[in-house]
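J.: build me a structure from this.
(2 chains)
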Amino acid sequence: MKRHLLSTADLSADDATLILDTAAELARIADRPIKKLPTLRGRTVVNLFYEDSTRTRISFETAAKRLSADVINFSAKGSSVSKGESLKDTALTLEAMGADAVVVRHWASGGAYRLAHAGWIRSAVVNAGDGTHEHPTQALLDAYTLRSRLGSLEGRRIGIVGDVLHSRVARSNVRLLSTLGAEVTLVAPPTLMPFAVEGWPCSSSYDLDPVLPKLDAVMMLRVQRERMDQAFFPTEREYSRRYGLHAQRMAALPEHAVVMHPGPMNRGLEISAEVADSTRSTITEQVANGVSVRMAVLYLLLGGSEPAIGTENEGGAK
Amino acid sequence: MTDGTETTVSPAAPASAAQAAMRAVLDASAVSRALTRIAHEILERTQGADDAVLLGIPTRGAHLATRLGAQIAAVEGLELPIGTLDVTMYRDDLRLRPARAIKRTEIPSGGIDGKLVVLVDDVLFSGRTIRAALDALGDIGRPRAVQLAVLVDRGHRELPIRADYVGKNLPTAQRETVQVRLAETDGQDAVLLGVKGAGAR
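T.: Numbering: from 1, shown residues only, chains lettered A, B, ... in the order given. Below you'll find the model as predicted:
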């Protein structure tokens, strides 16, 4: 039985569909005058952030509050972490305070796994991004957005373009989208294509232009300068010319295809301002969907006597 | 419908074995007559049901609300607003069972403020589902009044809640289970009475 959401590789197609369906129902309360459900009243959710974040942290905080949980925000800056406190000691402190769920973002790949399995805490752990490994709730909200725009993911062609090497969003999306039946193509310069990508459930290409006309959606990845300790491409202009999405390139996409970006964007580098602000872009929609998806994850992990995702019982008994 | 552990025969379970142990207390025509009577009672008690809104509690209560709406339309030519109200997130026994899938809440476009809301459910048992429904209504609006229509009242209330319209009062023992079957979900209309443990979880 799983009590955590650490990787999209842990989610079966049924689990993922349950999360997306639950999110779709929860999205409807955003239109109500009282945007709150009493479901997690008295539960405590800790947002433990070792890396900077706007979207993800606010999104998790909103999600937890809409379910009436108490939220404690903890960021490494301005806490004892800057005095050198270890993850273990921070975790033991959270355990002593009685957190029911810890939403963790850590700069180390596997940080969330360590927190979940080291025996330091009993609470559910939700991975909100660990190093260059995984960011499952981002992939879930991308899948949710794609499903609401394209109807279904079965047989859809999704391109993931850019800095795949450093992207936890790309890793989570490749696993989740292929679980849900989509065909994923990774596009990156050879220097930014991960090692052994042949073993992933997707295809890959070094050229963007031949791929575009076949896609139902293209997901542009942020060039993660903060993780680059060497030159992966000669100049930004060259990168932008070969792998950036601008208006002419967007015209090569099929009529129905959508443009996605997990944010934050480098406007003018991987995506032009014109494309980012166009009607085909789902970027702000993705942010709104993030709240519903995270509510669904928190509800399914904390709402019952045991988590509903990853267990035998489908939780739909009446 | 979903009070505690009754009516829990999973759809995939060996239905024949479960059914063998269950006895029909209402057949299709009896269900139909009960609904017709409830529709007339609603019209009578609300003097024409001008401002009534029917809200069914998924899954079977929602189908019953649709049927009641059709009956009222047939009798009076009045198309009442019909919606559904899922109460899962408001239940008090969430932590006793694994988190369950939530169902659709569909409030008619006119809203419920100042309206007479008639909640519709299949089985009234402990009353906890209705308690949850009242809490859910409070987050959506402020109805003029709330009434309750159920197909079967099986007794054993745990809260001070009663139904305004009852299809059939069915005295039961705690260890018995009541299962409502409707054509929309189960292929045929019937109310079955069985003993807990015989086929049920």
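J.: who's in contact with stretch B:173-186?
T.: The contact list for stretch B:173-186 (C-beta atoms under 8 Å, 6 or more residues apart in numbering or on different chains) reads B:1, B:6-9, B:22, B:28, B:31, B:59-60, B:63-64, B:122-123, B:125, B:151-152, B:154, B:156, B:170, B:172, B:187-197, B:200. For every residue, glycine as well, the C-beta is placed using N, CA and C.
J.: what ranges do the strands span in chain B?
T.: Along chain B, the stretches classed as strands by DSSP state E are B:23-26, B:52-56, B:82-84, B:116-124, B:145-153, B:165-169, B:176-181, B:190-195.
J.: name the helices or strands packed onto the third one?
T.: When contacts are defined as 3 or more C-beta pairs under 8 Å, 6 or more residues apart in numbering or on different chains; DSSP states H and E, strand B:82-84 packs onto strand B:52-56, helix B:60-76.
J.: so for chain A, which of these sits nearest?
T.: Taking C-beta to the nearest C-beta, helix B:60-76 is the member of the helices and strands packed on strand B:82-84 nearest to chain A, at 8.4 Å.
J.: and the residue of chain B that's closest to chain A?
T.: B:Ala99 (3.3 Å).
J.: dump the residue contacts of the residue nearest the centre of chain B.
T.: With distances taken as C-alpha atoms, centre = their mean, B:Asp121 lies nearest the centre of chain B, 1.0 Å away. The contact partners of B:Asp121, by C-beta under 8 Å, 6+ apart, come to B:1, B:56-57, B:60-61, B:64, B:129-130, B:133, B:148-151.
J.: do you know the pLDDT at it?
T.: Per-residue pLDDT puts B:Asp121 at 96.
J.: and the nearest residue to it once chain neighbours are set aside, how far is that from B:Thr172?
T.: Spatially, and ignoring its direct neighbours in sequence, B:Asp121 is nearest to B:Gly61 (4.0 Å; C-beta to C-beta, 6 or more residues apart in numbering or on different chains). Distance, B:Gly61 to B:Thr172, by C-beta to C-beta, to the nearest Å: 19 Å.
J.: for the contacts of B:Asp121, give me TSV that also has neighbour count and pLDDT.
T.: What follows is those, written out as TSV (neighbours: other C-beta atoms under 10 Å in any protein chain shown; pLDDT from 0 to 100):
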residue	neighbour count	pLDDT
B:Met1	24	46
B:Gly56	27	97
B:Ile57	29	96
B:Arg60	25	94
B:Gly61	29	95
B:Leu64	27	96
B:Thr129	27	96
B:Ile130	24	97
B:Ala133	24	97
B:Leu148	22	97
B:Ala149	25	97
B:Val150	28	97
B:Leu151	31	96
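J.: can you lay out those as a markdown table showing distance to B:Thr88?
T.: Supplementary listing: the contacts of B:Asp121 in a markdown table, determined by distance: C-beta to C-beta, whole Å:
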| residue | distance to B:Thr88 |
| --- | --- |
| B:Met1 | 12 |
| B:Gly56 | 14 |
| B:Ile57 | 10 |
| B:Arg60 | 15 |
| B:Gly61 | 13 |
| B:Leu64 | 18 |
| B:Thr129 | 10 |
| B:Ile130 | 14 |
| B:Ala133 | 11 |
| B:Leu148 | 18 |
| B:Ala149 | 20 |
| B:Val150 | 19 |
| B:Leu151 | 20 |
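J.: can you give me the buried ones in stretch A:245-255?
T.: A:Leu245, A:Arg249, A:Met250, A:Leu253 (16 or more other C-beta atoms under 10 Å in any protein chain shown).
J.: cool, and stretch B:36-49?
T.: B:Thr36, B:Ile38, B:Ala39, B:Ile42, B:Leu43, B:Thr46, B:Ala49.
J.: again with stretch A:109-119
T.: For stretch A:109-119, by 16+ other C-beta under 10 Å, it's A:Gly111, A:Ala112, A:Tyr113, A:Arg114, A:Leu115, A:Ala116.
J.: what's it in contact with?
T.: A:3-4, A:6, A:50, A:87-88, A:91, A:102, A:104, A:106, A:108, A:121, A:125-128, A:130-134, A:168.
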